[in-house]
Structures are given as C-alpha cells and as structure tokens.
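S.K.: from the sequence below, what's the structure:
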Amino acid sequence: MARAFLALAAMGMSCAMALEGLSGNWLGAFVSGNVLASSQRQRLLLGLVGGAAVGVVVGLFFCLPRPTSAGVQRLSRAVRLLAPLGVVGLLPGVLAPDAWADTLALALSLSVFLALFEALCRLHFGAYASAPGAPSRARALIERLPPAVRRHGPAAIAAAAAVFFAAYMAFFTLRSHARFNTYTWDLGQIDNLFYNLLHGHPFRSTPLVRAGNWSELRGHAELVSVFLLPIYALHPAAETLLVLQSVLLGLGGVFLYRFAARRLSPAVALALVAAYYLYPPLHGPALFDIHFQPVAAAFILGAIDAFDARRTRAFVIFFILALTSREDVSLGLAMFGLFLILTGHRVRAGAVIVGVSMAYFIVLRFWIMPAAGSWGFAEMIYKQLLPSGEPAGFFGIFKTIVSNPLYTLRTFFTADKLRYILQILVPLAFLPARRLHLALSLLPGALFTLLSTGYPPTLDIAYQYGCVFVPYIFPAAALALEQMRAAPGASVSEAMSASATLPVSASEAVRRRAAVAAMLAGTILATTWWGAIPPRSHFRGAYGQRVAFEPLTPQERQRARDIRELAAMVPRAAVLAASDRELPHVSNRLECWNLSLGFAGADYILFGTLRPIPPDATQRDAAERAGYLRVAERPGLLLLKRPGAP
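M.R.: Residues are numbered from 1 along each chain as shown. Next comes the predicted model:
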C-alpha cells in the first residue's frame, strides 16, 4: 500500500507538471537554462504538491471503507494501469520548441524518455492482461467485424497509407521545385542523365562531366536508370523523377507491411508501417531532389519481402533493380546475405547473394568505373581514412580499415555521429539494436554514414544517406517484435523461424505491446521535431534550407512561367549553362552545363539573380566581361548569349 500511494503521488505530480507546462511560454527557458521567476516557481511547486495530494485521494478511493485484501488488489491494479502517467509531466518540456537548440541533447533526452515510457507501459499492459476477460473482450470486438474487413482491411489501410504518402511527398516536392528549391546536384544532374539516355547517349550527364557517353560512370553507376527509362519517357522532365521517387518510397511501405504481416498481428504490422511513413530520415530525402539511395531502398524492401515469401522470380527482379541502383548498394545486399549465413537462416541463398553482390561490386568498382575516369568523391567523404602519400580511391580506404582498425574506430567517436545514430534509432525505440544478430542491419548504413569523415551531409537526416539504413532496420524491427515470443534459450535460427501462429504467453504479449507503444511514441516525438508530416513551418531540408509548405505566391508562379519562356528561346542544339537552382528546370536537353564549373564554350547562360551561389555569380560576371550579351531578362532571371551563337 505504501508503494502504491507513493506511486500515485508521483503520478499526480507528473500530471500537475504537464498542466503547468501547457500554460504560458516559460517552459523553454526553464528547461534549457532553469530560468523561472520566483513567483512562478512557487506556483509550480504548489501545483506539484496539489497533484501529489490528488494522487493520494485517488488511492484512498480504492481502499475505502477499509483496506481489505480485495481493495489492496484493486489499488495495485489501478497503479499499474495508470503507470504511463508517471512520464506525462516530461512531455511539455520534451516538446518545447525553444528548449532544445542542441539536437544531441534532445536525442539523448528522447532516448531516456522512451526507456522510462516502455518500462511503465509494461506495468500498464501487465495489469490490463491480468484484468478478468480483458483480452477476450478485445477479441470479441474484432470478431464482430465482417470477415472481409478482418481479412483485407489491414492491407487496404496499408495501401491507402502508401497512396497518401506518395501523393503528399510528390505534391510538396513539386511545389518546392516550383519555388526553385531544387538543385543541380542531384536533380539537374540525374534529369540530364535520363534525357541523354533517352536520346541514345548512355550514362552521359553534362552538368556533372562535360564528356561523352559513359562518362557518368566515373562518379556512380546508376544502371537502374535503363529500367526506369520507359517511365521517364512518358514526360521527359525533372518533375517525372520527383514523382517517381515519391511513388517508390510509398510502395516501400507496402512491401514492409507484407513482410511484417507474415510475422505479427495486422495491428502491429500497421503500427510499423505508420512508423515507416512518419520516419524523419525518410522525409528529408523524399523532399530533396531525387537520389538513388531512396530508389534503392524501395527495391531492397521489395526484394526482402519476395525473399521471405519465397517468390523467387519477384526476388530476382527486385534484387537486380536494387543492385543496379548504385554500385555501393551491392555492399548492403552482401551484408544481407551475410546476415542469412551468420544466423543459419537459408544459408545457401545467403551465400549466393553474397557472391553475386560482391562480384558485381568488384567488377564495377575496380574495373568498369575506373575505365570511365578517376573517382574523386572518396576524398570528400572518407578523406581522413585515406592513407597519407597514397592516391585517393576506394582501395586506399579499405587498406586503412583493415590495417588500422583502432584508428578507424576512433573516427566513430564524435558527437555528430552519436546524434545521427540516435536520430536513426529513436523513432524505432532502438528495436533493431536490441538483439546482436539484428544489429547487423545497421552495418550497411553505418558504412556510408558513420564511417565517413569530415563530410557533414552524411550525418544529416535531411540528406539521402539515411535511406541506406531504412530497408534493413525496418524489417529488423519487425523481427525484433516477432522474436519477443522466442524462448530464452532459442537459437538465432529458431528465433528467425518463429511463426506468427505460435501461441503467445501473457508476458510475451506485454513485452511486445510495450515495445510497440514505445516505437509509436518515439515515432511521434521524432517526427514532431524532425519530420515533415503534417506540414509545419520549421522543417529543415538539405543545405540548411527551410522547406516551405505554404501555397505558391503569384510571384513564384510567374517565375516558373518566366523560366519556361527563357528556356524556349534557347535552340535545342545549343549549349546552355545554367546556375544552380535554375538548372533542374532546363536540364532536359543534351547539353546543359553547370555554370559554376565555367562558361567557356557555352552558347547561352541562364542565370538566377535571386540567391545565387558565389561560383555562379563569379562566372556570370566573367561571361559579361568576355562579351556575352543580355538577350532577355525577367524578374530574378537573366539570359545571356555568346556573340555568334545560334
């Protein structure tokens, strides 16, 4: 009884703190710097005392008229049912918009909050499960639904969520594009790649490399563009690629639902799908141009779903689409095969996946791509891992990792990398990291983010690199929830083979429900801070830009019309150099150059005078000094022409 009354008093104080936190604008300074007027602090303390008194009164209600054994049992059950109220007082402070300038401190605080919340949820669900007839009443409510609804309803909800997500992201990405918040890298570059491929110039992207066919391979091998080309051909423009990426990410959630529904109840599978669509590291890439990491994530989820369902043909198709998305995707697929081998789950298939993936990577990375030209991206992303005195390249990085693992490990220990991995795992309540064999799902993403050195975008969820984690950690989260029913002494292979039809004990159900509750809480808290659903004013995209969800202004609509008019003045056979934000609007032509790399040889120059990047402004000034003439001008846009150009 003493423990129960103390717990109720603490819950009352927590509720009082939550109510106080919702009144006024004092909470941000209080949480960040302990700044609060003396009178208001006194009021807060009195409120806490009052909340504790209310909790004690509630406890007395269960014990009156005298503390019989039945009354004590009712009191104990009530305390456990109300246990999650013990952390509700922290919510206003955790969500205070001006209290968390330090993202690492926020991520750590969210982690602690989720640990406390899940522990209290176990008490709650334990009391619920022990209540007479509670589970049977829940099942009775479900059984009242028509059979067709019970059978197809969850899948229909998952499909509807996919359609909503795809439409939502496509709509706001197209709006951002119309606002000139898309860039040469990577929308303009990839649009030009597709356009050249459509017109018989394979893997040529003039914004990136001003060379002939196959020159794009010196940067990345995005061979999947061949398979996606028929979709692009329907409307050869950057907008098609933006919509395509949104649709593929939406389909990824359907593949995830199919995988999870074979192991978990429909409700839990839908909860995981909700976490996927609300996942902040998915929102940034979805609203930032187009990249092949998000595209590959959708195909990998499709491959894992087909592999798990033993649909060999579908698996081969999705595996090829994923493998050809980028050369480095093959390393993640090899780790997936290694996971199958190490866990003893379909070892032969895992060996084939490892062999094919590694062979593809080695041939492409060390033979085909070097034939197209040098690879300079390693200097930018992994520069601290390059051996001194040796030429840049993937092989040099590999030598450092193998020969000096302690130094490589030291590069992991930075505040930015801790903050980043917490942002990756907090929305899933750390489910993929709860079992050692499932923690392998973090390796593909860690290879391209946590292993990087001195390149901030790889540690920023607004960029595309977080999508390398997505197709592995979400199935791992489903497996973590499934394996909560495995026997304590079960082998990894036995846990992997657990069936959703096995009976679940009360304790296993409690653990799973608490974990799902923590996952949903983590998702909601993370997306409130870092996500893009629903629309909000503070969503920060790539390059530190605020993504605006407001309708386009008349001036912005006019500017979009103006650039189309100016682009129509340039002959299709002419060489057009364009500035950073303007290039994706005119990149669907054979010769479209990135102005910041120079203007020499360009027939026309399209320059944006609003928010130009310094290299573009420098090149524009140099072009006018070199004799380029202004032939057309619109608000915020300028078209220059070389004398004698067509």
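S.K.: what sits against residue 310?
M.R.: By Cβ atoms under 8 Å, 6 or more residues apart in numbering, the contact set of residue 310 is empty. C-beta coordinates here come from the backbone N, C-alpha and C atoms, glycine included.
S.K.: now residue 242. Its backbone dihedrals?
M.R.: Backbone geometry at residue 242, expressed as degrees, to the nearest 10, gives phi -60, psi -40.
S.K.: I'd guessed it sits against residue 177; true?
M.R.: Yes. Using Cβ atoms under 8 Å, residue 242 is in contact with residue 177, at 6.2 Å.
S.K.: these two: who's more crowded?
M.R.: Using other Cβ atoms under 10 Å, the more surrounded residue of residue 242 and residue 177 is residue 242, with 25 against 19.
S.K.: relative to residue 389, how far out is residue 215?
M.R.: 29 Å (Cβ to Cβ, to the nearest Å).
S.K.: how many residues are close by residue 175?
M.R.: Neighbours of residue 175 using other Cβ under 10 Å come to 18.
S.K.: likewise for residue 388?
M.R.: For residue 388, using other Cβ under 10 Å, the count is 6.
S.K.: now the element after the lowest-mean-pLDDT helix or strand in the chain, going C-ward?
M.R.: Lowest by mean pLDDT, DSSP states H and E among the helices and strands of the chain is helix 492-496, with a mean of 59. For helix 492-496, the following helix or strand on the C-terminal side (DSSP states H and E) is helix 506-530.
S.K.: identify the residues contacting that following helix?
M.R.: With Cβ under 8 Å, 6+ apart as the criterion, helix 506-530 contacts 94-95, 100, 106, 110, 113-114, 117-119, 121-122, 124-126, 129-130, 268, 271-272, 274-275, 278-280, 283, 423, 426-429, 431, 461, 477, 480-481, 484-485, 504, 533.
S.K.: which of the residues you listed are buried, as a ChimeraX select command?
M.R.: Buried residues within the contacts of helix 506-530, by 16 or more other Cβ atoms under 10 Å, are selected in ChimeraX with:
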select :94,100,106,110,113,114,117,118,121,122,124,125,126,268,271,272,274,275,278,279,280,283,423,426,427,428,429,431,461,477,480,481,484,485,533
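S.K.: now for residue 242 and residue 177: what residues contact both?
M.R.: residue 187.
S.K.: helix or strand: which one has residue 350?
M.R.: Going by DSSP H and E, residue 350 is in helix 347-363.
S.K.: chain center to that helix: distance?
M.R.: Relative to its chain's centre, helix 347-363 lies at 27 Å (Cα atoms, centre = their mean, to the nearest Å).
S.K.: other SSEs contacting it?
M.R.: Helix 347-363 makes packing contacts with helix 312-323, helix 329-343 when contacts are defined by 3 or more Cβ pairs under 8 Å, 6 or more residues apart in numbering; DSSP states H and E.
S.K.: and the contacts of the shortest one?
M.R.: In other words, helix 312-323. With Cβ under 8 Å, 6+ apart, helix 312-323 has contacts from 224, 227, 296, 299-300, 302-303, 305-307, 329-330, 333, 353, 356-357, 360.
S.K.: that one to helix 347-363, inter-axis angle?
M.R.: Counting by axes from the mean of the first three to the mean of the last three Cα atoms, to 10 degrees, helix 312-323 lies at 30 degrees to helix 347-363.
S.K.: now do the buried residues in helix 312-323.
M.R.: 315, 317-323.
S.K.: also the longest one?
M.R.: For helix 329-343, the buried set under the neighbour-count rule, 16+ other Cβ under 10 Å, comprises 329-341, 343.
S.K.: same thing with stretch 629-642?
M.R.: Counting neighbours by 16+ other Cβ under 10 Å, stretch 629-642 gives 632, 636-642 as buried.
S.K.: just to revisit the earlier point, now the helix holding residue 350 against helix 329-343, angle please.
M.R.: Going by the same axes, to 10 degrees, helix 347-363 makes 150 degrees with helix 329-343.
S.K.: tell me the first helix or strand C-terminal of helix 347-363.
M.R.: Moving toward the C-terminus from helix 347-363, the first helix or strand encountered (DSSP H and E) is helix 369-372.
S.K.: and the residue lying closest to residue 565 once chain neighbours are set aside, its phi and psi?
M.R.: In this structure, residue 565 finds its nearest non-sequential neighbour in residue 634, 7.4 Å apart by Cβ to Cβ, 6 or more residues apart in numbering. With angles defined as degrees, to the nearest 10, residue 634 sits at phi -130, psi 160.
S.K.: what about residue 231, neighbour count?
M.R.: Residue 231: 14 neighbours (other Cβ under 10 Å).
S.K.: quick one, what contacts the residue nearest to residue 90 when sequence neighbours are not counted?
M.R.: Once flanking residues are discounted, residue 90 sits nearest to residue 113: 5.8 Å by Cβ to Cβ, 6+ apart. Shown in contact with residue 113 (Cβ under 8 Å, 6+ apart): 87, 90, 94, 525.
S.K.: and the third one, what element?
M.R.: Just to be clear, that refers to residue 94. helix 91-95.
S.K.: and the contacts of that helix?
M.R.: The contact list for helix 91-95, computed with Cβ under 8 Å, 6+ apart, reads 17-18, 21-22, 27, 30-31, 99, 106, 109-110, 113, 525, 528-529.
S.K.: just the buried members of the residues you listed?
M.R.: 17-18, 21, 27, 30-31, 99, 106, 109-110, 113, 525, 529.
S.K.: from those, which is closest to residue 201?
M.R.: Distance to residue 201 across these (Cβ to Cβ) is lowest for residue 529, with 44.1 Å.
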